[in-house]
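[1] Predicted model, plus sequence, below.
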Amino acid sequence: MAHVTFLEAIRQALFEEMERDPAVVCLGEDIGVYGGAFKVTAGLLERFGWERVIDTPISETAIVGAAVGMSYLGLRPVAEMQFMDFIACCFNQITNFAAKSYYRWGAPVPIVIRGPSGGGVHGGPFHSQNPEMYFVHTPGLKVVYPATPYDAKGLLKSAIRDNNPVLFFEHKFLYRRIKEEIPADDYTVPLGQAKVRREGRDLTLVTYAAMVHTCLEAAEQLAQEGIEVELIDLRTLLPLDRETILQSLRKTNKLLVVHEDTKTGGIAGEIAALVCENAFEDLDGPILRVTALDTPVPYSPPLEERFLPNVHDVVRAARELARY
Amino acid sequence: MKISLRREQYLELYYYMRLNRSLEERLVTLFRQNKVVGGLYSSLGQEATSVGTAYALEKRDWMAPMIRNVGALLVKGYRPRDIFLQYMARYDSPTHGKDGTSHFGDLKERHVISPISMLGDLIPVMTGVAIAGRYLGQNIVAMTWIGDGGTSTGAFHEGMNFAATQRAPFVCVVENNQWAYSTPVRRQVPIRNLADRARAYGITSYIVDGNDVVAVYRVAKEAVERCRAGEGPILIEAKTMRMKGHAQHDPAEYVPREMFEYWQARDPIARYETFLSRQGLWTEQEKQQILDRIEREIAEDLAFAENSPFPPPELAEQGVYCEDAYEIKPEWQRPIEEVMPPKASVQAVWQVEDFGGIAEGAVQVIEAAAAPARDGTGRRQVARTPQRGKKKLSARGKGR
């Protein structure tokens, strides 16, 4: 067991997968000599050489397109977006080329596109976004968004070994703030399985990524008030673990969804529809959402604080829901 | 580079071009009979480009056709039935009805990658194929085609630039068929020769008469072998003409009649027939044998296609994700130890050859468009900064 940061856990996953399988290669902007803007890929070039760790031009479309092409010859490329905000630049390659390849003509695309996302670090409108839902709407992709070092490492390994294009979001607020003991041996965390982070009987709180930590703090406070929250960490947004959500809802009869993504078109709406379609009779109250504002991510600290959901917002919504 | 063809190869080139055209003529009939489910795209007039370039590839090489590269698909081993089935959206088609037209491929045997409708995206994808082939030690070349209009996309630029920085064994054939749907090439691209784009990437380019199949083949073969030898990507501009509208519904009334006449006089198949006869490469009997064979093959394949069922509706729900059990295995043709530590280990330092200052003086002007080059026929153009029109200015940078 070793005590590692979220970032180190991801780095370990890359190292270990590259050691295990020569088909795994990495490409992206500044990932080699510099080791990546956040140093997630530091040391990879020294160990695995120029052919397996490729510094690319500033060309997100070429990065993802080339990764797709490499995967057709059986490689398992891991493409880095320097910031996940820039994934907009290669939207076409991901949604039209990679996602539809297997369905259209039976050619699997075993690639991973990973990179830092999320706010809370005053990155401004173009270095703070949570663009995951553009891709959750695209059949053929898998979308992963872990919250802990253990999960980040295990999920990234699963993503690399998966036969489909996987988008792997790394919340940058967690990179160096969250530490955890993780096993030294090779382990994976399966894609598509949520995790119950805290059991409770009063209401189900579904969330993911950095908001898991915000919600855990809120749950502590709520417990002191006698409200026992069952906290589900989705871990994978696509495919969505519907069963874990429905099972918990049937126990608590109340649902609160929290995410750092903006509200309209966020996954909370999808989960609300899922519950209404499958467990409407089990609901004892309205389905509530706590999310970021429907605005771009603002730069100045007081603005960003207003934009992001916080512990207080979660506690207030949970109290309201508990009253039903 | 001396490139010669055997007599049977000359005849094979004819077979593929003629098959390409006859197959598409039959598709037009099917379209009028409402048997083609969606749009129908024609490569009439462009057969020499498709066939001549693809013919330069070896079996191990990879290609990604565009919508008008039926000829290339035939050369790579697909049969008319595959094209019929795709257009008719039948279950036995390579995509089982999930996609149409030339949107199909085969990773295992034919090494063909399916295009998507968004132009330009194949350029980075085939760059990746080329890089992966080199990494695995396969000594392959990747080839794709793009129209004059497609070279305006960002994906084209990103892909060509990345291929060039990686010196990827990749041949990009720019099929300049003069029209992007209804817009003439001059309104899309302010340069005379699309091959000039290669200069921006520091790569070699060729311009070839796209309606001369032997010239196309020779240029493509040279490009493929130079790529294979490690010279980096090569761009070939083939000047040709789309002799129909963008698709079957489009009568192409925007094309000046004289332009059609100009190109009709340069029809690649008629020209090649004359060439074969003049060179004494075939007898009238051999020609008839080829035509009979094509007739027979098309009739057989069409019968098969018409008897193929539509896919069962439930297929729509299947195959979105590739299961874990599907084994993906790269074909290594070099020792794996070479890419594994400790052998793979390197010192992570950039080697910088020069420090990037201006070569001479304080200001340098490179004038736009040196006099437009004549349309070449198979002549080679090596990319280099134009010397003509370059002049030095004073240090104070007084401009034009």
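    Received the coordinates, thanks. Numbers count the residues shown, from 1 in each chain, chains lettered A, B, ... in the order given.

[2] hmm, stretch B:312-324 touching chain A?
    Yes. In this structure, stretch B:312-324 sits against chain A according to CB under 8 Å from any CB of the partner chain; the contacting residues are B:319-324. For every residue, glycine as well, the C-beta is placed using N, CA and C.

[3] out of those residues, which is most surrounded?
    Counting neighbours by other CB atoms under 10 Å in any protein chain shown, B:C322 comes out on top of the residues of stretch B:312-324 next to chain A with 21 neighbours.

[4] Which element, helix or strand, includes that one?
    Using DSSP states H and E, no element contains B:C322; it sits outside every helix and strand.

[5] okay if I get the residues of stretch B:312-324 next to chain A as TSV plus pLDDT?
    TSV is the format used below for the residues of stretch B:312-324 next to chain A (pLDDT from 0 to 100):
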residue	pLDDT
B:G319	98
B:V320	98
B:Y321	98
B:C322	98
B:E323	96
B:D324	94
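
[6] out of the residues you listed, who's nearest B:E331?
    Using CB to CB, B:C322 comes nearest to B:E331 of the residues of stretch B:312-324 next to chain A, at 18.5 Å.

[7] pLDDT wise, what is the closest residue in space to B:W350 that isn't next to it in sequence at?
    Leaving out its chain neighbours, the residue that sits closest to B:W350 by CB to CB, 6 or more residues apart in numbering or on different chains is A:V33, at 5.7 Å. The confidence metric pLDDT takes the value 98 at A:V33.

[8] Show the contacting residues for A:V33.
    Neighbouring residues of A:V33 by CB atoms under 8 Å, 6 or more residues apart in numbering or on different chains: A:45, A:55, B:348-350.

[9] Quick check on those: which are buried?
    When those are checked for burial by 16 or more other CB atoms under 10 Å in any protein chain shown, the buried set is A:45, A:55, B:348.

[10] May I see those residues organised as CSV, with secondary structure, pLDDT and distance to A:E180 added?
    Putting those into CSV (DSSP: H, G, I helix; E, B strand; the rest coil; pLDDT from 0 to 100; distance: CB to CB, whole Å) gives the following:
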residue, secondary structure, pLDDT, distance to A:E180
A:L45, helix, 98, 27
A:D55, strand, 98, 31
B:A348, coil, 95, 29
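
[11] Just the closest of the residues you listed to B:F170, please.
    Closest to B:F170, out of all of the buried ones among the contacts of A:V33 and judged by CB to CB, is A:D55, at 18.8 Å.

[12] so the closest residue to the closest one other than its chain neighbours is in which element?
    The shortest distance from A:D55 to any residue other than its chain neighbours is 4.2 Å, reached at A:G32 (CB to CB, 6+ apart). When elements are assigned from DSSP H and E, A:G32 belongs to no helix and no strand.

[13] Now do the same contact list for A:G32.
    Contact partners of A:G32, counting by CB under 8 Å, 6+ apart, are A:41, A:44-45, A:50, A:53-55, B:348.

[14] which two from the contacts of A:V33 end up farthest apart in space?
    Farthest-apart pair in these is A:D55 and B:V349; separation 12.3 Å (CB to CB).

[15] what's the burial count for the closest residue to chain A within the stretch 201-350 of chain B?
    As assessed by CB to the nearest CB, chain A sits closest to B:P330 within the stretch 201-350 of chain B, at 3.1 Å. The criterion is other CB under 10 Å. On that basis, B:P330 has 20 neighbouring residues.

[16] Grab the longest strand from chain A for me.
    Ranked by residue count under DSSP state E, the longest strand found in chain A is strand A:255-262.

[17] which residues touch the residue of the stretch 201-350 of chain B closest to chain A?
    Applying CB under 8 Å, 6+ apart, one finds that B:P330 lies in contact with A:23, A:73-75, B:132, B:136.

[18] Just after the lowest-mean-pLDDT helix or strand in chain A, pick out the following helix or strand.
    None of the helices or strands of chain A scores lower by mean pLDDT, DSSP states H and E than strand A:2-5, at a mean of 93. Note on strand A:2-5: by DSSP H and E, the next helix or strand toward the C-terminus is helix A:6-20.

[19] Just the pLDDT at the closest residue to the residue of the stretch 201-350 of chain B closest to chain A other than its chain neighbours, thanks.
    If the residues on either side of it in the chain are set aside, B:P330 comes closest to A:G74, at 3.1 Å by CB to CB, 6+ apart. We have a pLDDT of 98 for A:G74.

[20] pretty sure A:G74 contacts B:I328?
    Yes. Shown here, A:G74 and B:I328 form a contact pair, counting by CB atoms under 8 Å, at 5.4 Å.

[21] what sits against the residue in the stretch 201-324 of chain A that chain B sits nearest to?
    When scored by CB to the nearest CB, the stretch 201-324 of chain A has A:P239 as its residue closest to chain B, at 8.2 Å. If a contact means CB under 8 Å, 6+ apart, then A:P239 has A:142, A:191-192 as its contacts.

[22] filter the residues you listed to the buried ones?
    With burial judged by 16+ other CB under 10 Å, the buried subset of the contacts of A:P239 is A:142, A:191-192.

[23] Check the residues you listed against chain B and report the nearest one.
    A:K142 (7.8 Å).

[24] helices or strands up against the longest strand of chain A?
    Taking 3 or more CB pairs under 8 Å, 6 or more residues apart in numbering or on different chains; DSSP states H and E as contact, the helices and strands that strand A:255-262 lies on are strand A:203-207, helix A:211-224, helix A:267-279, strand A:288-292, helix A:311-322.
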